[in-house]
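Peer 1: predicted model follows, preceded by the sequence.
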Amino acid sequence: MTTTQSLFRTAVTTAEFLWSDPVKPLALHWDEATRSIRVVCSDANMRVCRIDRMSSINAARNLYKDVTSAIEKGSMVSFAAAGGFSPDKWFCDIK
């Protein structure tokens, strides 16, 4: 898991990452229409990552694998949102 701003393209490059409170990811869905990873979480929020904003397809694949692993293990994670966006709705990384 990498937390460098360069992995996600956003218009507001000076804003820091915002992190969610720790939550348990419960379900993962790939949305082909919007090319998004959607994650349903224990706090009743659905977080979305638009993979076309990621620096590479490999970065997006690694993020998908990290979320899948957290679901399988029942881990608590924090979601990061770039550009000052809400980490309760958007994400581009987890820890």
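Peer 2: Nice, thanks for sending it over. Numbering: from 1, shown residues only.
Peer 1: as a check, name the ranges of all strands in this structure.
Peer 2: 18-19, 25-31, 36-41, 46-50, 79-81, 93-94 (DSSP state E).
Peer 1: mind listing what's buried in stretch 54-72?
Peer 2: Met54, Ala59, Ala60, Asn62, Leu63, Tyr64, Asp66, Val67, Ala70, Ile71 (16 or more other C-beta atoms under 10 Å). For the C-beta atoms, the positions are set from N, CA and C on the backbone; glycine is no exception.
Peer 1: closest to Met46 out of these?
Peer 2: Using C-beta to C-beta, Val67 is the member of the buried residues of stretch 54-72 that sits closest to Met46, with 12.6 Å.
Peer 1: gap between that closest one and Gly84?
Peer 2: 22 Å (C-beta to C-beta, to the nearest Å).
Peer 1: ok, Lys95 next?
Peer 2: The value you get for Lys95 to Gly84, if C-beta to C-beta is used, is 18 Å.
Peer 1: and for Ala27?
Peer 2: Distance from Ala27 to Gly84, by C-beta to C-beta: 27 Å.
Peer 1: of these two, which one has the most company?
Peer 2: Neighbour comparison, Ala27 and Gly84: the larger count goes to Gly84, with 13 against 10 (by other C-beta atoms under 10 Å).
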